[in-house]
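S.K.: Predicted model and sequence below, questions to follow.
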Amino acid sequence: MFPADQITVFLGLGTNLGNRRANLRRAVTALEQILTVQAISPVYRTAPWGQPDQPYFLNLCLKIATSLAPLSLLAQLKTIETNLGRRPSHRWGPRLIDIDILFYNGLILQSDTLIIPHACLAERAFVLAPLADLAPGLVHPQTGLSVGQMLAEVDATGVQKLAQPLFKVEA
């Protein structure tokens, strides 16, 4: 099915500028050029976090397989963000596309440029809700809590699952 050197990784994607659905589609398409997308969560409409005075986001999560090391994967994700039109801005501000590494095969990593699992994961319903659609039983390697347990402990007000899938499945 997948080569033995493929690592399971979960990514979070978000956008609140321009055509948000198109931004997500373009990001997934670009990601498919460098890795294997195994599953895509439903899309969620979510209230902004950290800086509330901005447009609502659309968020989703991906389960992927990759042979890229964590820092190489991060570099590729930043390149995709830039190629799709993301420009530097202030922390938690509006963005055309944001792609975060949430989990990397149970790895715990803290460097100046990357923290895995994602540092604010347990506080963010906008990430936990779509992640729970893909892997509710996935356990955080530091806290021992599952994604489903973490989601149950956060305020999910302002997080709404959308009925329309990002990609239509052909019958």
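M.R.: Sure thing, it's come through.

S.K.: neighbouring contacts of stretch 64-78?
M.R.: Under the criterion Cβ atoms under 8 Å, 6 or more residues apart in numbering, residues 2-3, 5-11, 31, 34-38, 99-101, 104, 107, 109, 111, 113-114, 116 lie in contact with stretch 64-78. The way it works is simple: take the backbone N, C-alpha and C, and place the C-beta from them, glycine included.

S.K.: Just the buried ones among these, please.
M.R.: 6-11, 31, 35, 38, 99-101, 104, 114, 116 (16 or more other Cβ atoms under 10 Å).

S.K.: Out of these, list just those in helices.
M.R.: Leu31 (DSSP state H).

S.K.: Greatest separation within the buried ones among the contacts of stretch 64-78: which pair is it?
M.R.: Farthest-apart pair in the buried ones among the contacts of stretch 64-78 is Gln38 and Leu114; separation 21.6 Å (Cβ to Cβ).

S.K.: how many other residues sit next to Arg87?
M.R.: Using other Cβ atoms under 10 Å, Arg87 has 9 neighbouring residues.

S.K.: Quick check: the gap between it and Thr113.
M.R.: From Arg87 across to Thr113, the span is 19 Å (Cβ to Cβ, to the nearest Å).

S.K.: quick check, Val127 in a strand?
M.R.: No: using DSSP: H, G, I helix; E, B strand; the rest coil, the assignment for Val127 is helix, not a strand.

S.K.: Once you drop chain neighbours, what's closest to it?
M.R.: Leaving aside its sequence neighbours, Val127 sits nearest to Gly12 (Cβ to Cβ, 6 or more residues apart in numbering; 4.7 Å).

S.K.: OK, contacts around the one you found?
M.R.: Going by Cβ under 8 Å, 6+ apart, Gly12 touches 59-61, 98-100, 102, 118, 127, 130-131.

S.K.: For it, list each beta-bridge partner.
M.R.: Judged by DSSP bridges, the bridge partners of Gly12 are Cys61, Asp100.
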